[in-house]
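Chemist: output the structure for:
(one chain, ligands or ions: 1)
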Amino acid sequence: MAGPGYTDTDLRWLREAIELSRCSPPSDGAFSVGAVLVSGGEILTTGFSRERDQHDHAEEVALAKAAEAGLAGGRPEAGLAGGRPEAGLASAGLAGATMYSSLEPCLRRLSRPRSCAQLIVAAGIRRVVLAWREPPLFVPGGGARWLGEQGVTVVEVPELADQARAINAHLIPG
Ligand SMILES: [Zn+2]
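Modeler: Now for the predicted structure:
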């Protein structure tokens, strides 16, 4: 059922992101997350945790694929050294896109210099829909708040949080 700020269509894409998170290679030190980048009612790209590299985050993979496909404009080749999307992503090409993620995009990360929240802003994405707020287990959360401060519309869908969380149940104390 649609709630404040989101539609049944949002629920459908977010469920896809949650399903994708199941593809993540298991890890005891990182969440399994799925991300779906949608524009104009179609999936542009997808990503899941550790999809290409053990340090990959789902949103990062989806954005890297968008850059590789030329969807993000800018200079993708400049941003992909070592598989890291960097400043070359910035453009208006994704301004109408929504990033669906099973987990709140990270604000801080240990393994790479730029967080998913920073990459989302750099890519020009203006709307993020998430299922589950990041518990402060590995790094502090706060990505959703920070994205909001950057002018990105952040929509939380609490009714799907349990599904996103269940895939990570082994990581959560208690
Ligand atoms: Zn991340």
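Chemist: what about the closest residue to Gly141 other than its chain neighbours, neighbour count?
Modeler: Residue nearest to Gly141 in three dimensions, not counting chain neighbours: Glu134, with 3.9 Å by CB to CB, 6 or more residues apart in numbering. Where you see a C-beta, it was placed from the backbone N, CA and C, and this is true even at glycine. Using other CB atoms under 10 Å, Glu134 has 20 neighbouring residues.
Chemist: Glu134 - that's part of a helix, no?
Modeler: No. Read with DSSP: H, G, I helix; E, B strand; the rest coil, Glu134 is coil and lies in no helix.
Chemist: would you mind listing what in the chain touches the ion?
Modeler: Residues of the chain lying close to the ion by CB under 5 Å from the ion are His57, Cys106, Cys116.
Chemist: quick check: pLDDT value at the first one.
Modeler: Spelled out, that is His57. Here, the pLDDT recorded for His57 equals 97.
Chemist: that one touches Arg109, doesn't it?
Modeler: Yes. Here His57 lies in contact with Arg109, judged by CB atoms under 8 Å, at a distance of 7.2 Å.
Chemist: what touches both of the two?
Modeler: Cys116 (CB atoms under 8 Å, 6 or more residues apart in numbering).
Chemist: follow-up on the earlier one: turn the residues of the chain next to the ion into JSON lines, including neighbour count and secondary structure.
Modeler: Output for the residues of the chain next to the ion, formatted as JSON lines (neighbours: other CB atoms under 10 Å; DSSP: H, G, I helix; E, B strand; the rest coil):
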{"residue": "His57", "neighbour count": "27", "secondary structure": "coil"}
{"residue": "Cys106", "neighbour count": "27", "secondary structure": "coil"}
{"residue": "Cys116", "neighbour count": "30", "secondary structure": "helix"}
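Chemist: can you tell me, leaving aside adjacent residues, what's nearest to the residue most central in space within the chain?
Modeler: Geometric centre of the chain, nearest residue: Glu59, 3.1 Å, by CA atoms, centre = their mean. Nearest non-adjacent residue to Glu59, counting by CB to CB, 6+ apart: Cys116, 4.1 Å away.
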